[in-house]
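Asker: whatever this is, show me its structure:
(chains A and B)
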Amino acid sequence: MTEEPLPEHGRVPGEEYVKEGRTPHPGLRPLARWREFAARHGLTVIALLIVSIFVVFALIPHYLAPHPPNRLDVASRLQGPSAQYWLGTDNLGRDLLSRVIHGTRGVLVTSGTAALLGVIWGSLVGLISGYIGGWMDEVIMRVVDALLSLPSILLALLLLARLGPSRVSIVLGIAIVYTPGVARVVRSAVLAIKNSEFIYAARLRGESTLYVLLQEILPNIWSPIVVEASVRTSYAILLTASFGFLGLGVQEPEPDWGLMVSRARDYIQVSPWMALVPVIAISLLVVSLSVAADGLRERIAGTALDTTSV
Amino acid sequence: MTNEKPYQVQIEDLSLTYPGGVEALRNISLNIHSGETLGVVGESGCGKSTLAGVLVGDVPGARNISGSVILRGPGGSEEDSIDMLTASRSALRSVWGIRVATVYQDPQASLNPSYKIGDQIDEAVRRRPELAPDGIRERTLQLLRRVRIAAPEDTTQRYPHQLSGGQQQRAVIAMALAANPDLLILDEPTTGLDVTTEARILDLVRELQEEVNAAIVFITHNLAVIAQIADRVAVMYAGEVVEIGDVRSIFHEPSAPYTAGLLSCIPRIDRQSGVEYRLRTIPGTVPSPDEQPEGCLFVPRCPFVVQHCRENHPELFEVAERDHRARCFRAEEVRVTGWPQERLERHENGGPENGGAPVLEGEGVRKEFGRTARRYAFFGPIVSEPLKAVDGVSFLLGKGETLGIVGESGSGKSTLLNVVAGLEKPTGGVLRMGDDELEPMVRQRSRIMLQRMQMVFQNPDKSLNPQHTVGSIMRRAVRVLDRQSSRRDRRERVADLLTRVGLGAHYMRRKPSALSGGEKQRVAVARALAGHPQVVLADEVTSALDVSVRAEILNLLNDLQASEGISYLFVSHDMSAIRHVSHRVMVLYLGLIMEMGQVEQVFEPPYHPYTEALMSAIPAPDPDVKTKRIRLGGELPETRPTGCPFHTRCPRFLGDICVQEAPPWQTASNGHGIYCHIPLEELANIPPLMQRDGEEEDAVAVPRG
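Answerer: Numbering: from 1, shown residues only, chains lettered A, B, ... in the order given. Predicted coordinates:
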């Protein structure tokens, strides 16, 4: 029956696409798409540029900083910008620009790792809670609510007080603070597709819960996770700097932005440069990262329409 | 005839393009007379809804619109004519809701959830206060009575969510009628509703046609609805009107190949059809709107195509008399010969192996949701009982057999299927496959059991993971269910499966987003076949598909049954699909079997009053066939009534016995049972439902309660 030859006019559905060598959704090529995107989102492009400059700082500070970060020049303390010290010096005569450049790596690595860890943990918790449901979901979500009800800085401070001041504790502290928020977002994304029929089909094949979570659900909730990660990273920078300011992070003489602001407090009357330079660095990085994240979110939402419209 | 009436709307050479060169409407010219109902029909993507938008002068996102859409004044008078395409926004605003009113598919989206129904209709009435001499509210009540809402005063005080879907749609229609519009557009007004509700809304529209002198444009994909409701029909294909004419000449002498094809691929409930017949189909799919072929747009799918068709674009040619025109060079031949017969063959399907052991058996399957709640936790009077979604259903499924399960939404048919699949945990009962008892939940079942039973779902868009390619979806299924160890074997098996469902191996690299609905459903069927299943559970597999695609999928299921001896549990609310694929049928109501038997037995008297009402709700795809109107009053009750569960809505209600006593299970003939108090002899004497014109005789049930 099935082998019967199709009548002359018969066509295998969709065959024409293959014959004509075209795809049903003829999108622009990636490069062209980016170019169009850049034209429409100038701000995002500028933000991305700034972020990448900071990334370069973090990668090769020794080649870019005009001076070693810890070299003292007692003769020229608390100076404003000059030809020798482009952004001025601090109370010990160290070059502010060099210290900011050298401090970038610490800030980016700490906040990046912290946000990443927070997103990973949060995603795991959200996936499990959303997919398995029942009393497990109930318990997890109440714990999440409890954690979310505490101000994040307070919660992180409590954790840091327990762990002692170090870069690792800051990473862990921020990650733990972020986990519940991410878990909520991921859980709701899971709930939205949990009852899709392709999940039922996987269950009817006898697939394990782990397989369903990682292969069927996770690929469909990438976009909220990526957005979550990018937004969280920029906030993590603020948190990291705050901890540095409070003296809970790395200690002198390491160049740390938060710590630099904290030290500048005593000299703010004499030389505002000492405070301004690290503060501007912090704001510039945070703002650029969130603008870039916004652009990214828009782009993901735009392309996600045809692939993730579950 | 309607032709003598003046024009209400004149559409002249209308074309519309969306950004990216997508031609949604191509050179449409048509006139709508005042007082007539023009049915617009076509599959999805043919431009029906865009046309509805153009009629009100509002198509968001359209790039180029040319031509004209003239709306004439009341009764088709020349003065007050307005061109909906060039009119200013403020001019349009003075027309919307007053001279033109629209009713859309989803009534819930048309009503504001935070205002009472009465206030919302009042607002519409206030646009033309001169029509309400006795006060606004009085007119609102009149309108509600006009759309046959049972308790108008009470309804005005309710919020939309407190009404059923059917009542909501009635309220929306009342709002549309508030200003006595000259043009009433009904855009798929019954599509989201249950069959029984749909039937009652269609009755209403038919009654309104008599009362209102407006031009009505009725847009739908359902040909049968059009046959029953329209005076004239316009068939749309790829943004063009391919055929237009009187409803009778369109249905009896379709002259555009597309119309002929569409008409021949619907399973007919009123004629001889069934598993042993193949449905005819239209090969291929609607061209994507950005293609601009030179010749006729239907060439790739047309059996009548000649070289001339490829090079020239046909006009709407006059066919026969009666203002019937078709866009085809060979319209005369199409009219005479019809869609090619070659595909109407019998399946070489011997049907189920009678006498063999059943492959699947259910005994007293029950599923309850919720639990008994008392006023004070463990004490006090019972506040709510658990909802019995499936209440002791027993069935047998033989090898190579299809058991159709039919009922309204809320009848428990999908729950039953989910329980059989092991996706929902049953509250009681036993399931057996062959000699082995099935564990209740899917995760407890052995791999062999999983292989033997697979499922195909309703929504093709959701049944394939959008992030995986067809190839990886299929390879995984083959790997898990078929235990093919080597990569090459798996590849071959996937290619083989895809070929068997009518797709090719070249589909493997595609993602689901690049497939049409029918193609997705084919992949879903192929996936279910991966482990050589004995039983396939089909949950409303055709209800999300277009007419021509539906026929293909039904044929595919029948073919696979014939070649592999698969048994189906086929759940659908569509009686004609059920009739076409089933060997035996189970009719469910509130979780209980009302009637069960061979398909011919169930579809012929004696039938259960519920079955009768369900069948009567289906419009026949032929304007001359009138189905006897047996309408169910009210909605599906939330808690099960005492005695016979159907007694609150039964059109053949006997009296106290139905309220007090559970009906007996009466065996009519071999394997045919009816759950009803009415004696079988009486049920057997019920005259047939379908009648040709002229012998119409309505038996309208009076809804109670």
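Asker: just the helices in the stretch 451-600 of chain B please.
Answerer: Defined through DSSP state H, counting those that start in this stretch, the helices belonging to the stretch 451-600 of chain B, from first to last, are B:460-463, B:470-477, B:487-500, B:517-529, B:547-564, B:575-581, B:599-603.
Asker: what is the fourth one packed up against?
Answerer: Yep, that's helix B:517-529 we're talking about. Other elements packing on helix B:517-529 under the criterion 3 or more Cβ pairs under 8 Å, 6 or more residues apart in numbering or on different chains; DSSP states H and E are strand B:453-456, helix B:460-463, helix B:470-477, helix B:487-500, strand B:535-539, helix B:547-564. Any C-beta I mention is one placed from the backbone N, CA and C, and that applies to glycine too.
Asker: can you show me the CA trace of it as CSV?
Answerer: This file holds the C-alpha atoms of helix B:517-529, laid out as CSV (Å, rounded to 0.1, in the frame of the first residue of the first chain):
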residue,chain,number,x,y,z
GLY,B,517,2.1,21.2,11.1
GLY,B,518,1.4,18.1,9.1
GLU,B,519,5.1,17.3,8.7
LYS,B,520,5.6,17.7,12.5
GLN,B,521,2.8,15.3,13.1
ARG,B,522,4.3,12.8,10.7
VAL,B,523,7.6,13.0,12.6
ALA,B,524,5.7,12.5,15.9
VAL,B,525,4.0,9.4,14.4
ALA,B,526,7.4,8.1,13.2
ARG,B,527,8.9,8.6,16.7
ALA,B,528,6.0,6.6,18.2
LEU,B,529,6.7,3.8,15.7
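Asker: distance between that helix and the chain's centre?
Answerer: What separates the centre of helix B:517-529 from the centre of its chain is 20 Å, taken as Cα atoms, centre = their mean, to the nearest Å.
Asker: go on, the last one?
Answerer: Taking Cα atoms, centre = their mean, one finds the center of helix B:599-603 at 21 Å from the center of the full chain.
Asker: just checking, next helix/strand downstream of it?
Answerer: Tracing the chain past helix B:599-603, the next element assigned as helix or strand by DSSP states H and E is helix B:609-617.
Asker: helices or strands up against that following helix?
Answerer: Contact analysis of helix B:609-617 by 3+ Cβ pairs under 8 Å, 6+ apart lists helix B:195-211, strand B:584-589, strand B:592-598 as its packing neighbours.
Asker: now it and strand B:592-598, what's the angle there?
Answerer: 70 degrees (axes from the mean of the first three to the mean of the last three Cα atoms, to 10 degrees).
Asker: confidence score at the spatially closest residue to B:L537 that is not a sequence neighbour?
Answerer: For B:L537, ignoring the flanking residues on the chain, the nearest one in space by Cβ to Cβ, 6 or more residues apart in numbering or on different chains is B:M455 at 4.2 Å. B:M455 is assigned a predicted lDDT (pLDDT) of 95.
Asker: any idea how far A:P81 is from A:L97?
Answerer: For A:P81, the distance to A:L97 under the criterion Cβ to Cβ, to the nearest Å works out to 9 Å.
Asker: looking at these two, which is more packed in?
Answerer: Neighbour count, other Cβ atoms under 10 Å in any protein chain shown: between A:P81 and A:L97, A:L97 has more, with 20 against 14.
Asker: need the contact list for the more buried one.
Answerer: For A:L97, the residues meeting the contact criterion (Cβ atoms under 8 Å, 6 or more residues apart in numbering or on different chains) are A:A65, A:P66, A:H67, A:Y85, A:W86, A:L87, A:V277.
Asker: for ChimeraX, write the select line for the buried members of those.
Answerer: In ChimeraX, selecting the buried portion of the contacts of A:L97, with burial taken from 16 or more other Cβ atoms under 10 Å in any protein chain shown, looks like this:
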select /A:65,67,85,87,277
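Asker: got the contacts of A:L97 as JSON lines, with pLDDT columns?
Answerer: Converted to JSON lines, these look like this (pLDDT from 0 to 100):
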{"residue": "A:A65", "pLDDT": "87"}
{"residue": "A:P66", "pLDDT": "88"}
{"residue": "A:H67", "pLDDT": "87"}
{"residue": "A:Y85", "pLDDT": "86"}
{"residue": "A:W86", "pLDDT": "85"}
{"residue": "A:L87", "pLDDT": "87"}
{"residue": "A:V277", "pLDDT": "92"}
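Asker: between the contacts of A:L97, which sits nearest B:L204?
Answerer: Minimum separation from B:L204 among those (Cβ to Cβ) is found for A:V277, which lies at 75.5 Å.
Asker: before we move on, what SS does the closest one have?
Answerer: In three-state terms, and counting by DSSP: H, G, I helix; E, B strand; the rest coil, A:V277 is helix.
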